[in-house]
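Asks: Build me a model:
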Amino acid sequence: MYFIPRNNALYSYVAHTNQKKRYLFTVVFFTLFIIGISYGIIPFLEYYTMMYEQEIKVLEHHYHYARTISKKNHDLKQNIVRIQQELDTHKANDICLKNKLLFILDTLQQSGLKINSYGIQKEKNGQWYIAEKAHFDSTGSLHNILSFLDTIKASNRMISVSQWSLALVEKDIFTLHCDITILCLV
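Replies: As a prediction, the model looks like this:
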């Protein structure tokens, strides 16, 4: 058993048409179909292809830019870490220098000397140390001055007293002028 549509116009036309007309109709239909695709669909496809190619180029450019930025960010992070380490080292060195300066000032007071003036001057730092030179003017008895110098000498700190001079101000009161170098290891 097979199905024959009786009221279908297209079927009736194809079934009752000459064989040459059917082939001609098929060729014309496929030709119009190919022409329709060529002029109707392909230009849109070409347009969207060009548009997507441009977007791909833009995305590749952004990708390379992002990689460059990522590399620069990585380099900046390394620089920030290095600078942070240097800052920590300088901070530790500053703390070391301040502690030693406070030790000197405390020793001056505990020795009974009166501090008239002092000043600090940074010196050129070496590869393994940093140095500051301080100048002190203080007054007191000879016993107080010798006590101060002995305490500095006896301490296990890297402090050296250089270019010191004593001047008699009045009976048993002397003025000590000295340069003290404070060293800290890096």
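
Asks: The helix or strand that contains residue 76: what's the following helix or strand?
Replies: Here residue 76, judged by DSSP states H and E, is contained in helix 42-110. Sequence-wise, the next helix or strand downstream of helix 42-110 (DSSP H and E) is strand 114-122.

Asks: Could you list every helix and strand that that following strand packs against?
Replies: If you count contacts as 3 or more CB pairs under 8 Å, 6 or more residues apart in numbering; DSSP states H and E, strand 114-122 packs onto helix 42-110, strand 129-140. (C-beta placed from N, C-alpha, C; glycine too.)

Asks: which of these is buried the deepest?
Replies: Of the helices and strands packed on strand 114-122, the one with the most neighbours on average (mean count of other CB atoms under 10 Å) is strand 129-140, at a mean of 18.

Asks: Could you tell me which ranges of the protein sit under the pLDDT cut-off?
Replies: Applying pLDDT under 70 to the chain picks out residues 1-6, 10, 14, 124, 126.

Asks: Residue 179: neighbour count?
Replies: For residue 179, the count of nearby residues is 14 (other CB atoms under 10 Å).

Asks: Can you verify my assumption that it contacts residue 162?
Replies: Yes - under the criterion of CB atoms under 8 Å, residue 179 makes contact with residue 162 at 5.2 Å.

Asks: and the gap between residue 183 and residue 139?
Replies: Plainly put, residue 183 is 27 Å away from residue 139 if you go by CB to CB, to the nearest Å.

Asks: Then residue 33?
Replies: 115 Å.

Asks: With residue 32 instead?
Replies: Counting by CB to CB, the gap from residue 32 to residue 139 is 117 Å.

Asks: elements contacting the helix holding residue 76?
Replies: strand 114-122, strand 129-140, helix 142-154, strand 159-170, strand 173-185.

Asks: would you turn those into JSON lines with distance to residue 45?
Replies: Listed next are the helices and strands packed on helix 42-110 as JSON lines, based on distance: least, CB to CB, whole Å:
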{"stretch": "strand 114-122", "distance to residue 45": "74"}
{"stretch": "strand 129-140", "distance to residue 45": "72"}
{"stretch": "helix 142-154", "distance to residue 45": "91"}
{"stretch": "strand 159-170", "distance to residue 45": "85"}
{"stretch": "strand 173-185", "distance to residue 45": "74"}
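
Asks: Tell me which of these approaches residue 55 most closely.
Replies: strand 129-140 (57.7 Å; CB to CB).

Asks: Can you give the contact residues for that closest one?
Replies: 93, 97, 101, 104, 108, 111-125, 145, 148, 158, 169, 173-186 (CB atoms under 8 Å, 6 or more residues apart in numbering).
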